[in-house]
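> sequence unknown, structure follows:
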């Protein structure tokens, strides 16, 4: 009971803080840049990070196993992974456009986890025999970290596409109305943030096209780096899963739907990485592939779980449905 | 003072000297250049095993060539040259046929290693896999007749013919899918041999740039007025670069392993595919449902999966199920399944005894025994003190997730037409639900409680619940190869994240022109460069150092 209350409090703290943080982001985006507000949003992110870590730890302690046994816990872990992605560049003190992606993503995943799912799913469940392994921690955490990383990277790529293919591109647009109409489209937000930082970093304003170019180049480079990292994590995650499957299910590859979709995700991002080696395809084409990858990750992560098919559907006590 | 024709490793100063331990041993003669280029790399910044594995092979070949540092000769020319040498004697012997064959091979290789083709293959494979999860797999043909009827096609054109003709009802073993995988494997190998391995030769070459112009053309370029190239070298070494100087020019690189690792990734993929092929063609599989206390011979249940499946001697081992039991959570859910197994050889000697559970299989002589399923075999019941009788349990609910078993104890003579008796139902081995002869619920008993229950004037005592264990057995000769591939794949993808950064600098009077590029982390690279170049001290007055620089430039 104590743990339940604690978890309850922590989720609420983190969720309300992240809501405030995103409001601040919107205000600074739409109205004007306020240095103090920006600082407080950073503090807010730290508060949410610690409360969500606290949530996971208390779950771990109360249930006695790694808190990744159902969809709710995995969503919370996904938001936590996004926080980590948000925090790492801050520690290294390198400025990038990631926070514009991570902050709204965390509120989406966490909001969905706390309000979108049935409350019955919030209960920590017992671990079915097939999940009782040390591999659970390695495999599932790696998979979720890689999902978070790949989602961020592919969103950056989607932002490139939007910037490239926007007609009537008003770079120095001062029409607030125009901005307001479009800001609630998520990638637009990311784009406007990125635009502003590009403006700030450039010393002398010149051709709009030059900034557009510079911005897309930077986004491209970051999305490549982040997707490479995510791809590495995904590879490790899938292979750990394969080794685990060889211990638990009797074969390292079963063509189970979830497995297959993870492999499809892997293939898509492998295509992305290869498309980058061809100078003609670099840019728009590879960004398109990464954006496809974004959808594929969601199918892999969520679609399969919703359908509840295959060996990865847990919750019943049968071992292997045949 | 280094002479212009000799290449000296810049002597590290003060704090940096531990970075390059082999530097004092470096020969300062041009003829040994290849060696001097390889030595620091091997003792380099902790690259993994693939790096070490790749370089010596390449360096052996490299020594044959006279390499100059200004520009690497184009790869294509090299290949042509070698092929030309190889062809000449053979033409005399076998004539046109062989030459045609050679040309065909070469053309096939170049077609296979084509990147767009490889990408198309990957897209096709991804698409087929997605299809494989959408279409129900492994059903009877009638299922597809029903689901994709001819008179009402899905999307207006997909009938069962579209599914069954290419074998999409068993996608992952269909010839189309396997053929595509084989094609991808061929592309992988072709790409490794025609594109990646020659790249090693190019990347191995470390080159100085002698003109400021070509340095300024790099992705990152900067000129530092009143700076010394030696200072730059020391700072670069402090940042983990391998630094080489030759008179006024400097070359530095970092993360060379990151350039080689993708080759390792491809090789590892080939390993995994080869291992998987071996698994698919050379393994045995079998599954068995054994009641507690009974035994079976491994060879009886194992079925070969492919043409290379060779039965090992251990197949005559006999497995005895000593005990099957489950553990439960407080809530009544199963927490774990256990089977206590004994293995006996032909002479009846026990060779192994182990308790297996899910996630903890038994391995013996190449055979792996998994705990995968369970069943309810029989119920031992005493009626009015008689017995015990063994009542066989029948599975009642085959579809759905929860299992249900039932049995029946007749109370009257079985000759009469309407036999009445006691029904017993169980979801697991833990609790038995009993119903009287009218079908009314009477009570629940646990086999362990030894508590009798009174039904229709009969005293029923449930002595024991006998479970049966569902075991999966397999042999898989592909596992070691696949696991080797897995390990290599993990390692090399991690190393691939490293970025290969190269840097050139030239002392031009008192100005140092710096240019560099990185194959992956472009932004981080220019950030790092800006940070490092800011550290390069500016020589304000015309002191000794400046004089030194000038003399070394001269």
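Good, I have the coordinates. None of these values were measured; they are calculated from a predicted model.
> Surely residue B:274 and residue B:477 touch.
No: the criterion here is C-beta atoms under 8 Å, and residue B:274 misses it with residue B:477 at 11.5 Å. C-beta coordinates here come from the backbone N, C-alpha and C atoms, glycine included.
> list the residues that contact both of those two?
Common contacts of residue B:274 and residue B:477 (C-beta atoms under 8 Å, 6 or more residues apart in numbering or on different chains): none found.
> Quick check: buried residues in stretch B:309-324?
Residues B:309, B:312, B:314-315, B:317-321, B:324 are the ones in stretch B:309-324 that count as buried (16 or more other C-beta atoms under 10 Å in any protein chain shown).
> ok, the residues you listed vs chain A, which is closest?
Using C-beta to the nearest C-beta, residue B:324 is the member of these that sits closest to chain A, with 13.2 Å.
> Show me the beta-bridge partners of that closest one.
Note on residue B:324: beta-bridge partners by DSSP bridges are residue B:339.
> ditto for residue B:368
Under DSSP bridges, the beta-bridge partners of residue B:368 are residue B:363, residue B:474.
> Need the per-residue pLDDT for it.
We have a pLDDT of 92 for residue B:368.
> Kindly report the same for residue B:290.
On the pLDDT scale, residue B:290 gets 90.
> Can you report how many residues lie near it?
22 (other C-beta atoms under 10 Å in any protein chain shown).
> Over to residue B:308?
That count, for residue B:308 with other C-beta under 10 Å as the rule, works out to 13.
> ok, now residue B:153?
Count around residue B:153 with other C-beta under 10 Å applied: 14.
> Now for it: which residues touch it?
Neighbouring residues of residue B:153 by C-beta under 8 Å, 6+ apart: residue B:159.
> Would you quantify the distance from residue A:210 to residue A:284?
18 Å (C-beta to C-beta, to the nearest Å).
> what's the weakest-modelled helix or strand in chain A?
In chain A, the helix or strand scored least confidently by mean pLDDT, DSSP states H and E is helix A:176-183, which has a mean of 41.
> Let me know the secondary structure of the residue nearest in space to the middle of chain B.
Nearest residue to the geometric centre of chain B (C-alpha atoms, centre = their mean): residue B:486, 3.1 Å. Under DSSP: H, G, I helix; E, B strand; the rest coil, residue B:486 falls in the helix class.
> and it, what does it touch?
Residue B:486 touches A:239, A:242-243, B:268, B:272, counting by C-beta under 8 Å, 6+ apart.
> got it, and residue A:300?
A:147, A:258, A:261-262, A:264-265.
> Per-residue pLDDT of it, please?
87.
> With residue B:233 instead?
Confidence score, pLDDT, at residue B:233: 90.
> Wait, it touches residue B:248, no?
No: counting by C-beta under 8 Å, no contact exists between residue B:233 and residue B:248, whose distance comes to 11.9 Å.
> Is any residue of whichever strand or helix holds residue B:530 near chain A?
Following DSSP states H and E, one finds residue B:530 within helix B:522-535. Yes: part of helix B:522-535 sits near chain A under the criterion C-beta under 8 Å from any C-beta of the partner chain, namely B:522-524, B:527.
> Tell me the most packed of the residues you listed, by neighbour count.
Neighbour counts for the residues of helix B:522-535 next to chain A, by other C-beta under 10 Å, peak at residue B:522, which reaches 21 neighbours.
> what sits against it?
Under the criterion of C-beta under 8 Å, 6+ apart, the neighbours of residue B:522 are A:221, B:219.
> The nearest residue to residue A:303 once chain neighbours are set aside: neighbour count?
Using C-beta to C-beta, 6 or more residues apart in numbering or on different chains and skipping residues adjacent in sequence, the residue nearest residue A:303 is residue A:261, 7.6 Å away. Close neighbours of residue A:261, defined as other C-beta under 10 Å, add up to 23.
> what's residue A:261 sitting at in phi/psi?
When read as degrees, to the nearest 10, the backbone of residue A:261 gives phi -70, psi -30.
> And it, how far from residue B:132?
Separation of residue A:261 from residue B:132 (C-beta to C-beta): 10 Å.
> Surely residue A:287 is in a strand?
No: counting by three-state DSSP, residue A:287 is not found in a strand; it is helix.
> For residue 4, give me the pLDDT.
Using chain A here. Residue A:4 is given a pLDDT of 76.
> not quite, I wanted chain B
As predicted, residue B:4 sits at a pLDDT of 36.
> for the one 4 residues further on, same thing?
At residue B:8, the pLDDT value in this model is 36.
> related to what we said a few turns ago, contacts only, for the residue nearest to residue A:303.
For residue A:261, the contact set (C-beta under 8 Å, 6+ apart) comprises A:296, A:299-300, A:303-304, B:129-130, B:133.
> List the buried residues of the helix or strand hosting residue B:188.
Assessed by DSSP H and E, residue B:188 sits inside helix B:175-191. Judged by neighbour count using 16+ other C-beta under 10 Å, the buried positions of helix B:175-191 are B:177, B:180-181, B:183-191.
> Adding distance to chain A, write the residues you listed out as CSV.
Conversion of the buried residues of helix B:175-191 to CSV gives the following (distance: C-beta to the nearest C-beta, whole Å):
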residue, distance to chain A
B:177, 10
B:180, 11
B:181, 11
B:183, 14
B:184, 10
B:185, 14
B:186, 16
B:187, 11
B:188, 11
B:189, 16
B:190, 14
B:191, 10
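> Which positions in the stretch 451-554 of chain B make contact with chain A?
Counting by C-beta under 8 Å from any C-beta, the stretch 451-554 of chain B sits next to chain A at B:470, B:472, B:474, B:476, B:479, B:482-483, B:486, B:489-490, B:493-494, B:496-497, B:520-524, B:527.
> which among those residues end up buried?
B:470, B:472, B:474, B:476, B:479, B:482-483, B:486, B:489-490, B:493-494, B:496-497, B:520-524.
> what ranges of the chain fall below the confidence cut-off?
I went with chain A, as the question did not name one. In the predicted model of chain A, residues A:1, A:28-38, A:90-101, A:114-125, A:166-209, A:306-322 satisfy pLDDT under 70.
> Not quite, go with chain B.
Applying pLDDT under 70 to chain B flags residues B:1-94, B:203-206, B:397-401, B:412-418, B:541-554.
> any idea how far residue B:292 is from the residue nearest to residue A:303?
39 Å.
> how would you label the residue nearest to residue B:521 when sequence neighbours are not counted: helix, strand or coil?
Once flanking residues are discounted, residue B:521 sits nearest to residue B:499: 4.0 Å by C-beta to C-beta, 6+ apart. At residue B:499 the chain is in coil, as set by three-state DSSP.
> what's the answer for the one 4 residues further on, then?
Assigned with three-state DSSP, residue B:503 falls in the strand class.
> Please report how far it lies from residue B:303.
Residue B:503 is 61 Å from residue B:303, by C-beta to C-beta.
> correct me, but residue A:235 touches residue A:266?
Yes: in this structure, residue A:235 is within contact of residue A:266 by C-beta under 8 Å, at 6.9 Å.
> What distance do you get for residue A:254 to chain B?
9 Å (C-beta to the nearest C-beta, to the nearest Å).
> The residues of helix B:522-535 next to chain A: which two are farthest apart?
Using C-beta to C-beta, these span at most 9.8 Å, a distance reached by B:522 and B:527.
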